[in-house]
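>>> build me a structure from this.
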Amino acid sequence: MDVALFDYELPEERIALRPASPRDSARMLVVREDGSSTHATVRDLPEFLRARDMLVVNDSKVIPARLRGRKVEGTAVELLLHRRTAPDRFLALARPARKLHPGDRLYIGEGLAAQVCTRSGGEVEIAFDVAGAALDAAIAGSGEMPLPPYIARMRAADARDVADYQTIFAAHEGSSAAPTAGLHFTPDLLARLSEAGIVREQVTLHVGPGTFLPVNEPDTAAHRMHSERIHLGAETAERINAARRAGGRIVAVGTTALRTLETAADADGTLRGYDGETDLFITPGYRFKAVDALLTNFHLPRSTLLMLVAAFAGLDVMKRAYAEAIAGNYRFYSYGDASLLFRTAGSRA
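This next block holds a predicted model:
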């Protein structure tokens, strides 16, 4: 498909630089199966779901993945760690990558050193001088929360982001960007969802370039998705299957939870335990097997995430919804407001 179909103009002031406070006070545009919409807030979520529905959230935890350092001769280097390949090694997106070569020594923060092992385009593999828990501690001491570029160009990451850019579900370290739909949840909202008979399960997708890298090709068919690590436990899969058999709808909290479920689903929607990789790239025409509704933020133009929601709810429907959100002064992107989308009949497997 022509990537230009997924373009739109967003006034810069609509980009959220901080999350709503409290988190569940964020606005929520509800888009029904027929394309009609309603304005609400995330704290209203229980009103749009029903008993026996099941929320599926991503429990990945963001690491302070942005490292700033220098080469021995002084050239400044920025790394965005996105995948651990060994106790002492990470794959990272580098800037300026063209100035890095295998064998180069890098010095990061106070006392953390590393060596470039390989480089492919803008990606490098880095071997650090420490490993395991010692490396984790060094990254925690030297790294920054990896705010997206559209926020970072407006302000620097600060102490507030350590908490703000982490979901209430965060448990397993490994993401280089937040699964942002989960940022809207509070203990109070979770309690009210539970009281309404809405249950919750957790999956893991460690967010990396597959989720956040832009689509730079003119046609979606030419875009290469980076693979990301996912985990869906066998017992969790069976509980989700049981919820569907009992008439509950499966509500993915975020595109990462959705991609995990769709990767692990059989053709009939039955889920199996899955521990491995996904490079699933969802565009209009995809037939969804496992997910009935999606809570998600508003996504960047020409992004794989906008293509996913267009596949889920319909391209024309999402164009109208985004235009409505812009006109209604919704806040966009990672720290912004949310949409609750119900799957159209045409996107069902």
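
>>> tell me the pLDDT of residue 347.
Note for residue 347: predicted pLDDT of 68.

>>> switch to numbering from 369
Right, with 369 as the first residue, what we last looked at is residue 715.

>>> ok, residue 372 - how many residues close by?
Residues lying near residue 372 (other C-beta atoms under 10 Å) number 10. For the C-beta atoms, the positions are set from N, CA and C on the backbone; glycine is no exception.

>>> I misspoke; the intended subject was residue 590.
10.

>>> wait, residue 388 sits on residue 698?
No - with contact defined as C-beta atoms under 8 Å, residue 388 does not reach residue 698; the gap is 11.0 Å.

>>> now residue 559: which helix or strand?
helix 555-563 (DSSP states H and E).

>>> ranges for the helices of the stretch 369-518 of the chain?
413-416, 500-510, 517-520 (DSSP state H, counting those that start in this stretch).

>>> so which of these is nearest residue 617?
helix 413-416 (10.6 Å; C-beta to C-beta).

>>> tell me which residues of the closest one are tucked away?
By neighbour count on 16 or more other C-beta atoms under 10 Å, the buried set for helix 413-416 is 413-414, 416.

>>> could I get these as CSV with pLDDT and distance to residue 540?
Output for the buried residues of helix 413-416, formatted as CSV (pLDDT from 0 to 100; distance: C-beta to C-beta, whole Å):
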residue, pLDDT, distance to residue 540
413, 98, 24
414, 98, 27
416, 98, 29
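
>>> any chance of those residues in CSV, with distance to residue 570 too?
Below are these laid out as CSV (distance: C-beta to C-beta, whole Å):
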residue, distance to residue 570
413, 17
414, 19
416, 21
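
>>> quick check, nearest of those residues to residue 647?
Out of the buried residues of helix 413-416, the member with the shortest distance to residue 647 (by C-beta to C-beta) is residue 413, at 30.3 Å.

>>> quick one, what contacts the closest one?
Neighbour list for residue 413: 392, 396, 557, 561, 663, 708 [criterion: C-beta atoms under 8 Å, 6 or more residues apart in numbering].

>>> just give me the neighbour total for the fourth one.
When neighbours are defined as other C-beta under 10 Å, residue 561 has 18 of them.

>>> wait, doesn't it sit right on residue 414?
Yes - using C-beta under 8 Å, residue 561 makes contact with residue 414 at a distance of 5.4 Å.

>>> for this structure, what helix or strand is lowest in average pLDDT?
Lowest on mean pLDDT, DSSP states H and E among the helices and strands of the chain sits helix 577-580, with a mean of 90.

>>> neighbours of residue 464, how many?
Neighbours of residue 464 under the rule other C-beta under 10 Å: 11.

>>> kindly state the pLDDT recorded for it?
pLDDT, residue 464: 93.

>>> can you tell me the average pLDDT over stretch 522-542?
The average pLDDT for stretch 522-542 rounds to 95.

>>> would you mark the buried spots in that stretch?
Those buried within stretch 522-542 under the rule 16+ other C-beta under 10 Å are 525, 529, 532-535, 537-538, 542.

>>> distance to residue 659 and secondary structure for those residues - can I get that in JSON lines?
Listed next are the buried residues of stretch 522-542 as JSON lines, based on distance: C-beta to C-beta, whole Å; DSSP: H, G, I helix; E, B strand; the rest coil:
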{"residue": "525", "distance to residue 659": "32", "secondary structure": "coil"}
{"residue": "529", "distance to residue 659": "30", "secondary structure": "helix"}
{"residue": "532", "distance to residue 659": "27", "secondary structure": "helix"}
{"residue": "533", "distance to residue 659": "25", "secondary structure": "coil"}
{"residue": "534", "distance to residue 659": "24", "secondary structure": "coil"}
{"residue": "535", "distance to residue 659": "19", "secondary structure": "coil"}
{"residue": "537", "distance to residue 659": "17", "secondary structure": "coil"}
{"residue": "538", "distance to residue 659": "22", "secondary structure": "coil"}
{"residue": "542", "distance to residue 659": "22", "secondary structure": "strand"}
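
>>> got JSON lines for the residues you listed, with distance to residue 492 too?
JSON lines is the format used below for these (distance: C-beta to C-beta, whole Å):
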{"residue": "525", "distance to residue 492": "22"}
{"residue": "529", "distance to residue 492": "25"}
{"residue": "532", "distance to residue 492": "29"}
{"residue": "533", "distance to residue 492": "24"}
{"residue": "534", "distance to residue 492": "26"}
{"residue": "535", "distance to residue 492": "28"}
{"residue": "537", "distance to residue 492": "31"}
{"residue": "538", "distance to residue 492": "27"}
{"residue": "542", "distance to residue 492": "18"}
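
>>> and of the residues you listed, the nearest to residue 449?
For the buried residues of stretch 522-542, the nearest to residue 449 is residue 542 (9.8 Å; C-beta to C-beta).

>>> which residues does the residue nearest to residue 705 when sequence neighbours are not counted bridge with?
Closest residue to residue 705 apart from its sequence neighbours, by C-beta to C-beta, 6 or more residues apart in numbering: residue 395 at 4.1 Å. Per DSSP bridges, the residues bridged to residue 395 are residue 409.

>>> residues touching residue 395, list them.
If you count contacts by C-beta under 8 Å, 6+ apart, residue 395 has them with 388, 407-410, 698-699, 705-706.

>>> PyMOL command for the buried members of those residues?
Buried residues within the contacts of residue 395, by 16+ other C-beta under 10 Å, are selected in PyMOL with:
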select buried, resi 388+408+410+698+699+705+706
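
>>> ok, of the buried residues of helix 413-416, which one's closest to residue 671?
Nearest to residue 671, judged by C-beta to C-beta, of the buried residues of helix 413-416 is residue 413 at 24.0 Å.
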